[in-house]
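Chemist: how does the following fold in three dimensions:
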Amino acid sequence: MAIWYALLMLTLVLAIEIFLASALDDVVQEQIDASMRLRASRVEREVTTGDDDRLDPGDVQAGLLELAPLEEFSSPGIYVQVRDLTGTVIATSANLPRSELPVTPWLLKKALDDQEGFETVAIGAEQIRILAWPVDANGPVVGIVVVGQSLRLVEVAHEGVQRLTAIAAIVATVAAVAGAWWLTARALRPVSDVTRVARSIAATGRFEQRIAGPAADDEVGHLVVTFNEMLARLEQTLVAQREFLADASHEFRGPLMVIRGNLDLLRLGLPEDERRASVREASEEIEQMSRLASDLLFLAAAEADETLDQEAVHFDEIVSAACERARTVDGGLHQVVLRPSEATVVVGDHTRLSQLVWNLIENALRYTPAGGRVEVSLASRDDSAVLTVRDTGVGIPEESLPRIFERFYRVDKARSRRNGGTGLGLAIVKSVAESHGGRVDATSVVGQGSLFTVQLPLEVRGARLQPTEPPLAPPQQETASVAAEAGARRARRRARL
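Modeler: From the prediction side, this is the model:
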């Protein structure tokens, strides 16, 4: 950038030099020509002064003989001659380096035609500007005044301008290089910091590093802000991945240890009832692992935006089907109440929205004692569909509410494991709600129950509805987790046999 600035400055100075030189030549040329015209007209007046109004060549000759020497019309570098109609010199200034000025036939012809003519000729190493001026006095041309002026002073001035311009070009180029180098180094210092931090992260793997200092309100400053935001996002992602791997390893390690212990017991030749108990316990752990794997796969798919279907979904039908399924699966242990609601249509993925509703209801059933009540309602509020699931369960401590939507977070790990939870149900609810442009909130009072509220944007009126699949009977409308439960029940029946 500094070199480009220097080249630009040099080109600009050279363009100015060419322009100034051309303008100076034109201005000086006009001044010289005007001065030569004035001198030639003075000589003409002296030659043509007489009593008669008209003159002939003889009169001119006589007038010149009576005329004082032409030195009074000349000066250093300025030469004067008078010629007759044949071009013969009849008077000349004494300062001419030679006897006569070099007048071309073209100039003589111009003067004889009663027109002035200019030409630049060389006398030795000197450039001379020549003017041929016709002598007439209210009649035909009777003679020619030739004025010559040296251009040496003009050449000296031209050389001085070129010298000064060259010095200015050198100074401007050096100043442009220095200034551009300083400005670009200062402007691009944040880019160097970005490179340094990126290399440090690549070498150490520490994503907590940031580019220090306030960012300017320009393109480079925006780059720095974006880079720091990207690093913060990457750091959060890596921390979440580490926590996820640690939690997933812990969740899988427990069931595997139980399964391994029960398999070791089966090798000891235990009595039949103990063997069946070991098989049943191993099957339950396998069921837990299967549900965990299914929930992890579903959560991973829900967080992949490219797999999200966009269609008009009758959300009220999904809620109704989930409540019917809950009554069937629960077997009457709880009161599952669906409050009346109007037809509600949202845009999204039918399968994921079904999983969202079922996870909320299943969570309420799991943490509500037998005989408790789970109340589900759906309403349209402004431009949103509002789903609420209220239970009369054990409740959630206030300090745990901000974390209940995190993966594998459990308020009571022992009780949750005994009840068969994987710690991913509410995380799936939050992921599905946010991927559909909505949100989920929770309030709870320990010992009185919890209230979960999901808000999803309604479909824009006038949009074309796409038919949704009709709700299936509960045994057929199994999600991945329900299928895992059915497989585990079949495994237990085979173990009893």
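Chemist: every contact and neighbour count from this point should use C-alpha atoms.
Modeler: Fine.
Chemist: nearest residue to F252 in space, please, no chain neighbours.
Modeler: On the basis of Cα to Cα, 6 or more residues apart in numbering, the spatially nearest residue to F252 that is not a chain neighbour turns out to be M289, at 6.6 Å.
Chemist: elements contacting the helix or strand harbouring L8?
Modeler: Take DSSP states H and E as the rule and L8 turns out to sit in helix 2-47. With contacts taken as 3 or more Cα pairs under 8 Å, 6 or more residues apart in numbering; DSSP states H and E, helix 2-47 sits against helix 57-66, strand 126-135, strand 143-150, helix 152-187.
Chemist: what's the shortest one in contact with?
Modeler: Strand 143-150 is contacted from outside by 32, 36, 39-40, 43-44, 57, 60, 77-85, 87, 101, 108, 111-112, 126-136, using Cα atoms under 8 Å, 6 or more residues apart in numbering.
Chemist: give me phi/psi at V258?
Modeler: V258 adopts backbone torsions of phi -70, psi -40, taken as degrees, to the nearest 10.
Chemist: so who does it touch?
Modeler: Neighbour list for V258: E281, A282, E285 [criterion: Cα under 8 Å, 6+ apart].
Chemist: tell me the confidence at the first one?
Modeler: It refers to E281. The pLDDT attached to E281 in the predicted structure is 85.
Chemist: ok so it is a strand residue?
Modeler: No: counting by DSSP: H, G, I helix; E, B strand; the rest coil, E281 is located in no strand; its state is helix.
Chemist: could you list the low-pLDDT ranges of the stretch 1-150 of the chain?
Modeler: Confidence mapping of the stretch 1-150 of the chain against pLDDT under 70 gives the ranges 47-76, 96-100, 137-139.
Chemist: from D84, how far off is F207?
Modeler: 100 Å (Cα to Cα, to the nearest Å).
Chemist: I should have written T237 there, sorry.
Modeler: With distances defined as Cα to Cα, the gap from T237 to D84 amounts to 104 Å.
Chemist: the more surrounded of the two?
Modeler: With other Cα atoms under 10 Å as the criterion, T237 and D84 differ in neighbour count, and D84 comes out ahead with 20 against 12.
Chemist: so what's the nearest residue to the more buried one once chain neighbours are set aside bridging to?
Modeler: Distances taken as Cα to Cα, 6+ apart place G143 nearest to D84, at 4.5 Å, with adjacent residues excluded. Taking DSSP bridges as the rule, G143 bridges to V135.
Chemist: what is the nearest of the contacts of V258 to T453?
Modeler: Out of the contacts of V258, the one with the shortest distance to T453 is E285. That distance is 32.0 Å, counting by Cα to Cα.
Chemist: picking that back up, read off the pLDDT value for the residue nearest to F252.
Modeler: With respect to pLDDT, M289 has a value of 81.
Chemist: how about stretch 246-264, which residues are buried there?
Modeler: Of all the residues in stretch 246-264, those buried under the rule 16 or more other Cα atoms under 10 Å are D247, A248, E251, F252, P255, V258, I259, N262.
Chemist: next one: stretch 192-212
Modeler: Counting neighbours by 16+ other Cα under 10 Å, the buried set in stretch 192-212 is V194, V197, A198, I201, F207, R210, I211.
Chemist: among those, name the ones in strands.
Modeler: Among the buried residues of stretch 192-212, no residue falls in strands (DSSP state E).
Chemist: mind checking which of the residues you listed land in helices?
Modeler: Under the assignment DSSP state H, the buried residues of stretch 192-212 contribute V194, V197, A198, I201 to helices.
Chemist: got the contact list for stretch 346-363?
Modeler: Stretch 346-363 is contacted by residues 302, 308-315, 318-319, 322-323, 326, 374, 385, 389, 425-426, 428-429, 432-433, 436, 452, 456-459, 468, 479 when judged by Cα under 8 Å, 6+ apart.
Chemist: hmm, 7 Å instead?
Modeler: With Cα atoms under 7 Å, 6 or more residues apart in numbering as the contact definition, stretch 346-363 has outside contacts at 308-315, 318-319, 322, 389, 425-426, 428-429, 432, 436, 457-459.
Chemist: and what of stretch 15-31?
Modeler: Residues outside stretch 15-31 that contact it (Cα under 7 Å, 6+ apart) are T165.
Chemist: pull the distance from it to the chain's centre.
Modeler: Averaging C-alpha coordinates over stretch 15-31 and over its chain gives two centres that are 47 Å apart (Cα atoms, centre = their mean, to the nearest Å).
Chemist: buried set for it?
Modeler: With burial defined by 16+ other Cα under 10 Å, the residues of stretch 15-31 counted as buried are E17, L20, A21, L24, D25.
Chemist: what do you get for stretch 29-49?
Modeler: The neighbour-count criterion (16+ other Cα under 10 Å) identifies I32, D33, M36, R37, R39, A40, V43, E44, V47, T48 as the buried residues of stretch 29-49.
Chemist: neighbours of V80, just the number please.
Modeler: Counted by other Cα under 10 Å, the residues lying close to V80 total 29.
Chemist: ok, and the closest non-adjacent residue to it?
Modeler: V147 (4.6 Å).
Chemist: state the distance from that neighbour to R42.
Modeler: The value you get for V147 to R42, if Cα to Cα is used, is 11 Å.
Chemist: show the contacting residues for R327.
Modeler: Applying Cα under 7 Å, 6+ apart as the definition, the contact partners of R327 turn out to be V336.
Chemist: so it, which of the three states?
Modeler: In terms of secondary structure, R327 is helix; the call rests on three-state DSSP.
Chemist: that older thread, inside helices: which ones of the buried residues of stretch 246-264?
Modeler: For these, membership in helices holds for D247, A248, E251, F252, P255, V258, I259, N262, with DSSP H as the criterion.
Chemist: closest one of those to A178?
Modeler: Each of those was checked against A178 using Cα to Cα; the closest is D247, at 58.3 Å.
Chemist: who does the residue lying closest to I32 once chain neighbours are set aside bridge with?
Modeler: If you skip the residues right next to it in sequence, I32 has Q149 as its closest partner in space, 7.9 Å away by Cα to Cα, 6+ apart. Listed by DSSP bridges, the beta-bridge partners for Q149 are I78, R129.
Chemist: number of residues surrounding Q149?
Modeler: Residue neighbour count, defined by other Cα under 10 Å, stands at 22 for Q149.
Chemist: do you know how far it is from Y79?
Modeler: According to Cα to Cα, Q149 stands 6 Å off from Y79.
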